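Enquirer: Everything below, folded, please.
(chains A and B)
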2 protein chains.
Amino acid sequence: MEIIAQAKEMQRRSEQRRREGMIIAFVPTMGYLHTGHLSLMREGRKRGDVLAISIFVNPTQFGPGEDYGRYPRDLKQDLKLVQGAGVDIVFTPSAQEMYSDGFQTSVDVERVTQNLCGISRPHHFRGVTTVVAKLFNIVKPHLAFFGQKDYQQLITIKQMVEDLNMDIEVIGMPTIREPDGLAMSSRNAYLNSKKRKEVLSLYRSLGKAEELFGQGERSAATILQEVRRIIEQENSVTIDYVKICDARTLEDIDEIKGEAVIAVAVKIGKTRLIDNIILKEE
Amino acid sequence: MEIIAQAKEMQRRSEQRRREGMIIAFVPTMGYLHTGHLSLMREGRKRGDVLAISIFVNPTQFGPGEDYGRYPRDLKQDLKLVQGAGVDIVFTPSAQEMYSDGFQTSVDVERVTQNLCGISRPHHFRGVTTVVAKLFNIVKPHLAFFGQKDYQQLITIKQMVEDLNMDIEVIGMPTIREPDGLAMSSRNAYLNSKKRKEVLSLYRSLGKAEELFGQGERSAATILQEVRRIIEQENSVTIDYVKICDARTLEDIDEIKGEAVIAVAVKIGKTRLIDNIILKEE
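Expert: Numbers count the residues shown, from 1 in each chain, chains lettered A, B, ... in the order given. Here you go, the predicted structure:
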């Protein structure tokens, strides 16, 4: 396994591999890896000849007052994990390597970034799309894997790739959950055992939504009311949003037709957690 | 010579060539080709194994009331010209091919686009960087050639390429002029013979600036005053801007040190023309 910190060197390596006719699979991460990340790597290992991942806590996607400084990091442990996952190349640049003096360019995806997390995190997706565009140009993958847990991020990246004609297949992979249903996230590390229990209301509420949908309920308002009720039962959990949106445009919808996403963001203490499920008519 | 209209087909072709170890040289144009474009292609032919050009009048870089509709077009004549220039591939997409329904992504370079043409054409450079990012992803060049006549565009593209880690060498080529000094531009076709004579004041004024600089003048105000005076002698020419800027940051400067650009934009009738020269201390 190679560990590369310089963008130019990563590009040279990827260019070589592409010339040799190899398919490069890429999993971008912010490290502090969990089973969710590993499931992306497993798929990348299956579909690519070369499996590259990046570990980079990207400062520009954190807003003021968000958790950039305290975001969990453990490179040594991460490297151990990925070695076991069959990763060929780990790209771990410094912030200075990614954003040198004079940096002044951004990539913006307009409409799909407006709703949901775009409301309370106004510059978050600009940070994400800009760094992912950079990483794509550095790693030069054929395939890139993202988790559906960050559903809006996945849709935004797909839109960017299509709009900017990036020659990359973006693959969304199912959310991986703890045995009790909590969606895997590096930020779960922030939770003590009391909070850890309380946030299970997220999963429970989404399960209820799925149940209602399965029973034929198509009114977003009716489902959302029930979801809110379940989450609000937990005193220390405050809702940022609970929304049902068109699964592609991410616009709010009143009535569920075709494919929709029900997405939830909450705060528990200083920790912000998100989750979602797809509601799809058979 | 191949003519390709579909982005996917162009990508496939470029990918093949790259796999074969060939160097792809690329000259993006809006067509209505002149000797300036041909000089870029000559250099591309020299430095690349494959010479690709694009012909696409990009709607998003024209503002409301600008000349998108009447911008001169002559694809038949262009194709004749480029065949003689040794072009291997011409990429000529439709506007629909480049901007399909749902398009919503932009690339922005912040600081170097603020001054000069950025003032009177507020969304122009966003249109340019977005379409050039797309073209780069479609044509996948190793080398890309731009004329120094559009100096701010050249600097902006270089900044984008650096900031987004595009693995492309951007090469600026000297402005090509008519025998009487007028910078080659597709928009020169708008000028009748009377206006054609009057805009020579642009070149004359830049010549004067160079002369003063050569004599040791370093005050921007002094040089600009002289340049303005010469241009304003022509009744039908109105100045949009005349500025002396740092050649890299494009910020206004009072005193010329190192490398500066003196840039001029004027309107004559409905026609907007720009020109510039570099002032560089030996």
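
Enquirer: all strands of the stretch 151-282 of chain A, in order?
Expert: Shown for the stretch 151-282 of chain A, the strands assigned by DSSP state E, counting those that start in this stretch span residues A:169-173, A:237-246, A:259-268, A:271-280.

Enquirer: Tell me which of those strands sits most buried.
Expert: Among the strands of the stretch 151-282 of chain A, ranked by average contacts under mean count of other C-beta atoms under 10 Å in any protein chain shown, first place goes to strand A:259-268 (a mean of 21). Where you see a C-beta, it was placed from the backbone N, CA and C, and this is true even at glycine.

Enquirer: and that strand, what other elements does it pack with?
Expert: Secondary-structure packing of strand A:259-268 (3 or more C-beta pairs under 8 Å, 6 or more residues apart in numbering or on different chains; DSSP states H and E): helix A:151-163, helix A:200-214, helix A:220-232, strand A:237-246, strand A:271-280.

Enquirer: Swap in 7 Å and give it another go.
Expert: Packing contacts for strand A:259-268, counted by 3 or more C-beta pairs under 7 Å, 6 or more residues apart in numbering or on different chains; DSSP states H and E, involve helix A:200-214, helix A:220-232, strand A:237-246, strand A:271-280.

Enquirer: Chain B is nearest to which of those?
Expert: strand A:237-246 (12.0 Å; C-beta to the nearest C-beta).

Enquirer: near chain B at all, the closest one?
Expert: No - counting by C-beta under 7 Å from any C-beta of the partner chain, chain B is not contacted by strand A:237-246; separation bottoms out at 12.0 Å.

Enquirer: what does that strand rub up against?
Expert: A:115-116, A:119-120, A:198-199, A:201, A:220, A:223-224, A:227-228, A:231-232, A:251-253, A:256, A:260-268, A:272 (C-beta atoms under 7 Å, 6 or more residues apart in numbering or on different chains).

Enquirer: and if you look at stretch A:219-232?
Expert: With contact meaning C-beta under 7 Å, 6+ apart, stretch A:219-232 is reached by A:201-202, A:204-205, A:208-209, A:212-213, A:217, A:237, A:239, A:242, A:244, A:253-256, A:262, A:264, A:266.

Enquirer: helix/strand/coil for residue A:141?
Expert: Here residue A:141 is coil, with the state taken from DSSP: H, G, I helix; E, B strand; the rest coil.

Enquirer: Pull the number of nearby residues for it.
Expert: Per other C-beta atoms under 10 Å in any protein chain shown, the neighbour tally for residue A:141 reads 27.

Enquirer: Got phi/psi on it?
Expert: Phi and psi for residue A:141, reported as degrees, to the nearest 10, are phi -80, psi 160.

Enquirer: Wait, it touches residue A:25, no?
Expert: Yes - if you go by C-beta atoms under 7 Å, residue A:141 and residue A:25 touch, sitting 6.4 Å apart.

Enquirer: And the pLDDT at the residue lying closest to residue A:6 once chain neighbours are set aside?
Expert: Leaving out its chain neighbours, the residue that sits closest to residue A:6 by C-beta to C-beta, 6 or more residues apart in numbering or on different chains is residue A:97, at 6.6 Å. On pLDDT, residue A:97 comes in at 98.

Enquirer: Surely residue A:97 is in a helix?
Expert: Yes - Residue A:97 forms part of a helix when assessed by three-state DSSP.

Enquirer: can you redo the strands of the stretch 151-282 of chain A as CSV with mean pLDDT?
Expert: Below are the strands of the stretch 151-282 of chain A laid out as CSV (pLDDT from 0 to 100):
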stretch, mean pLDDT
strand A:169-173, 98
strand A:237-246, 97
strand A:259-268, 97
strand A:271-280, 97
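
Enquirer: Export those strands as JSON lines, with columns for distance to residue B:125.
Expert: Conversion of the strands of the stretch 151-282 of chain A to JSON lines gives the following (distance: least, C-beta to C-beta, whole Å):
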{"stretch": "strand A:169-173", "distance to residue B:125": "28"}
{"stretch": "strand A:237-246", "distance to residue B:125": "32"}
{"stretch": "strand A:259-268", "distance to residue B:125": "35"}
{"stretch": "strand A:271-280", "distance to residue B:125": "35"}
